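> Predicted model and sequence follow; I will ask about them next.
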Amino acid sequence: MGINTVKKVRMTLLNNIWEFIKNTVNMVLDTSFEKISIINSLNKTFEEQYLRGETSRLIKVSITFGIESYKHSMSVHWTRSGFMMIIQNDEFLKLSEVNEAAQYILTNDYFIKKLMSLGFDTLIAKGKNNKSINYKLSDYANLEGYFI
């Protein structure tokens with residue numbers, strides 16, 4: 001086994017441990033099993049789409065820090081108000097591809113409102129190693145004159 005292979009194995013193991021810790025902390029800190037269910041469901045859907053060849057990029061979602069200035073009346077604490085999409089295989093990733101991935105969520109009025117009702121105020125779409133775009137969810141919600 002070469003040094004690069006050993007490093008990759010270690011990084012994968014560390015990433016898996018980190019994901020397990022993050023998920024455990026999310027479940028302990030966040031009493032909303034609905035949030036965890038949505039995260040798990042989306043991750044499964046994105047993985048299935050990737051494996052079936054429907055998309056060339058593998059996306060994983062998680063809960064992260066939001067942007068405090070993006071708060072709305074249903075936002076939870078900013079340390080847990082971010083909904084993050086990470087493109088795992090980000091080699092040669094273009095910013096337009098990051099935006100395209102975010103549009104999967106931003107064009108779904110129902111899902112935006114659902115995320116907002118769960119306390120999210122920020123969508124962060126990014127590559128695993130670079131290229132990040134932040135979106136204020138309330139700017140994309142079709143609220144038809146209702147106040148948030």
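Noted; the coordinates are in hand. Numbers count the residues shown, from 1 in each chain.
> Which neighbouring elements make contact with the lowest-mean-pLDDT helix or strand in the chain?
Every helix and strand of the chain was ranked by mean pLDDT, DSSP states H and E. The lowest is helix 3-29, at a mean of 71. Identification of packing neighbours for helix 3-29 by 3 or more Cβ pairs under 8 Å, 6 or more residues apart in numbering; DSSP states H and E yields helix 33-51, strand 59-64. (Glycine included, C-beta is placed from N, CA and C.)
> how far is that helix from where the chain is centred?
In this view, helix 3-29 has its centroid 17 Å away from the chain centroid, taken as Cα atoms, centre = their mean, to the nearest Å.
> got the domain boundaries for this protein?
Here the domain assignment for the chain is 1-30, 32-139, based on automatic domain parsing.
> Out of those domains, which one sits most buried?
Each of the domains of the chain was assessed for mean neighbour count using mean count of other Cβ atoms under 10 Å. The highest is domain 32-139, with a mean of 16.
> Next, the distance between the ends of it.
Using Cα to Cα, to the nearest Å, the end-to-end distance of domain 32-139 comes to 24 Å.
> Could you do stretch 47-59 as well?
Counting by Cα to Cα, you get 7 Å between the two ends of stretch 47-59.
> and for that stretch, what are the contacting residues?
For stretch 47-59, the external contacting residues (Cβ atoms under 8 Å, 6 or more residues apart in numbering) are 46, 85-90, 93, 97, 101.
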